[in-house]
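>>> Have a look at this fold, sequence not included:
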């Protein structure tokens, strides 16, 4: 399994080594830098590998906020600020520069690890997308694209579209769709599904890919648009 890579930019050598050793012991690949300039160099050299940056604010040569600004010119990689500065103004400054999280020293390494895991999980969900023919679904932002053109959908239209794509090629009964999306306690009837399918077909045009299985339900087929 490929390891998740963390870049630590911290000028306190003992803390840097302790944190790097701790994360390495917990299965992460780690790059380190002891000042802002070296941090930017490390990031540029390994940007395709790095999944998260732990960034001290007070650094030699170039402070953490300036490093963060440089990173944000080319990447939206998750960045956690680690600093002794606990004033609200300092936190707001880092967050306005593009930080995703802010942890004030002193902190436990276990807490830092939990913050990394939570942030990576949110980031991965945000980045997740589904593909089917000419349709692309961005899960985190709940957006549907046809040939890279955004299609406006209601929350329930999006849920149904996502459910169809995840179950591509399967014949789905109306009751199964209703239970999966609305829940078993929903008091409506299956005509709700038919109405939303009709709306989706209209919005998706020639690439709806939603086939009616008469007397049963629907089947999503990413290579046709038979209705």
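Okay, I see it. Since this is a predicted model, take the numbers as computed values, not measurements. Residues are numbered from 1 along each chain as shown.

>>> Quick check: residue 161 touching residue 144?
Yes - using C-beta atoms under 8 Å, residue 161 is in contact with residue 144, at 5.7 Å. C-beta coordinates here come from the backbone N, C-alpha and C atoms, glycine included.

>>> With neighbour numbers in mind, choose between the two.
Neighbour count, other C-beta atoms under 10 Å: between residue 161 and residue 144, residue 161 has more, with 27 against 22.

>>> The strand or helix carrying that one - contacts with which helices or strands?
If you go by DSSP states H and E, residue 161 is part of helix 155-166. Packing partners of helix 155-166 (3 or more C-beta pairs under 8 Å, 6 or more residues apart in numbering; DSSP states H and E): strand 129-132, strand 135-138, strand 143-146, helix 174-182, helix 191-204, strand 217-220.

>>> Pick the most deeply packed of the ones you listed.
Burial of the helices and strands packed on helix 155-166 is given as mean neighbour count (mean count of other C-beta atoms under 10 Å); strand 217-220 ranks first at a mean of 21.

>>> what's the distance between residue 150 and residue 161?
13 Å (C-beta to C-beta, to the nearest Å).

>>> okay, and the common contacts of these two?
Residues touching both residue 150 and residue 161 (C-beta atoms under 8 Å, 6 or more residues apart in numbering) are residue 144.

>>> which residues sit in contact with residue 194?
residue 174.

>>> Next one: it relative to residue 178, how far apart?
Relative to residue 178, and taking C-beta to C-beta, residue 194 is found at 11 Å.

>>> Check which helices and strands the longest helix belonging to the chain sits against.
Longest helix in the chain, counting residues (DSSP state H): helix 109-127. Using 3+ C-beta pairs under 8 Å, 6+ apart as the contact test, the elements touching helix 109-127 are helix 13-25, strand 50-56, strand 79-83, strand 101-104.
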